[in-house]
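In: no FASTA, just this:
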């Protein structure tokens, strides 16, 4: 049996997942499409179009980067901020729900995490 490669994740895929979360609304951030919860940024398309920027705790970010550096990374700009960059080309559809729910919880309940 030949394994089929799943479709590549796109901004539209991420957007649809994110908008299914309570209170999620479309907006913009730094001139790019974004999803916000009560005007707080949760996720946005990166300017290069090859990744998205996701709210993420520092601890989770380090684990994700250590375990899957082909998917998760940061640039110097994000070093001191609770965000992680996620590559569309390598993130899997089955990872999106968990990633976006964690980001939603971080944005909606930052003191509990």
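Out: That came through fine. Given the structure is predicted, the values throughout are model-derived calculations rather than measurements.
In: for the rest of this, base every contact and every neighbour count on C-alpha atoms.
Out: Will do.
In: the lengthiest helix in the chain - what's its average pLDDT?
Out: Secondary structure of the chain read by DSSP state H shows that its longest helix is helix 93-108. Here the mean pLDDT over helix 93-108 is 96, rounded to a whole number.
In: which positions within it qualify as buried?
Out: When burial is assessed from 16 or more other C-alpha atoms under 10 Å, helix 93-108 yields the following buried residues: 93, 96, 100, 102, 103, 104, 105, 106, 107, 108.
In: ranges for the strands of the chain?
Out: In chain order, the chain shows strands spanning 24-29, 32-37, 40-45, 51-55, 72-73, 83-87, with DSSP state E as the criterion.
In: adding distance to residue 11, mean neighbour count and mean pLDDT, write the ones you listed out as JSON lines.
Out: What follows is those, written out as JSON lines (distance: least, C-alpha to C-alpha, whole Å; neighbours: other C-alpha atoms under 10 Å; pLDDT from 0 to 100):
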{"stretch": "strand 24-29", "distance to residue 11": "12", "mean neighbour count": "17", "mean pLDDT": "97"}
{"stretch": "strand 32-37", "distance to residue 11": "9", "mean neighbour count": "20", "mean pLDDT": "98"}
{"stretch": "strand 40-45", "distance to residue 11": "7", "mean neighbour count": "24", "mean pLDDT": "98"}
{"stretch": "strand 51-55", "distance to residue 11": "8", "mean neighbour count": "23", "mean pLDDT": "98"}
{"stretch": "strand 72-73", "distance to residue 11": "16", "mean neighbour count": "22", "mean pLDDT": "98"}
{"stretch": "strand 83-87", "distance to residue 11": "11", "mean neighbour count": "24", "mean pLDDT": "98"}
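In: closest to residue 9 out of these?
Out: strand 83-87 (8.9 Å; C-alpha to C-alpha).
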